[in-house]
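>>> got a sequence here, can you model it:
(one chain, ligands or ions: 2)
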Amino acid sequence: MSGSSEERVGYITRVQSFSACHRLHSVHLSDEENKRVYGKCDNPNGHGHNYKVEVTVRGKIDRLTGMVMNLTDLKRCIEDVIMTPLDHKNLDQDVPYFSNVVSTTENLSVYIWDHMVTVLPPNLLHEIKIHETDKNIVVYRGE
Ligand SMILES: Nc1nc2c(c(=O)[nH]1)N=C([C@H](O)[C@H](O)COP(=O)(O)OP(=O)(O)OP(=O)(O)O)CN2
Ligand SMILES: [Zn+2]
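Numbering: from 1, shown residues only. Ligands and ions are numbered 1, 2, ... in the order given. Below you'll find the predicted structure:
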């Protein structure tokens, strides 16, 4: 197989952890509805998570460089899109996007996707996977 003229497609992933707090509370629901839907996660003073995000890009393995993209460049994108705006933040109060969008992990994955596509080369981003806890995991693929 080595030396084949076929194009090879690879998937590469970088993992990044960050800490943040939030409250699940929708401005579109009454206080009673919020309590019913979100339960303890609607606690007015919030609660925290050590999130783990997996950012996966998919693309041709370049013949010259041997890379889909340089992981060092992906690391810089993650710093700009995840660490600077989200780490050690109150998601609802410090991140304007979440002032009227509930900070569920689904919506957080959409936020990260939408910002990551603006800093990555076109058509490379494949998946955002967020581990909110060891047991709660969300995947978003831009659909
Ligand atoms: N669909 C979603 N459901 C929930 C989300 C979410 O983002 N999307 N988020 C939460 C809370 O933020 C909450 O912090 C998770 O709580 P919980 O399930 O209790 O977390 P644990 O995994 O730590 O639970 P234990 O089973 O008690 O260990 C809720 N729902
Ligand atoms: Zn939570």
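>>> contacts and neighbour counts: CA atoms only from here.
OK.
>>> look up how far residue 110 lies from residue 143.
Per C-alpha to C-alpha, to the nearest Å, residue 143 is found 10 Å from residue 110.
>>> do the same with residue 90
Residue 90 is 18 Å from residue 110, by C-alpha to C-alpha.
>>> how about residue 44: what's its closest non-neighbour residue?
residue 23 (6.8 Å; C-alpha to C-alpha, 6 or more residues apart in numbering).
>>> strand partners (parallel or antiparallel) of whichever helix or strand residue 56 is part of?
Taking DSSP states H and E as the definition, residue 56 sits inside strand 47-60. For strand 47-60, the paired strands and their directions (DSSP bridges) are strand 9-22 (antiparallel), strand 125-131 (antiparallel).
>>> who are the packing partners of the longest helix along the chain?
When the chain is parsed with DSSP state H, its longest helix is helix 105-119. Counting contacts by 3 or more C-alpha pairs under 8 Å, 6 or more residues apart in numbering; DSSP states H and E, helix 105-119 packs against helix 71-78, strand 125-131, strand 137-140.
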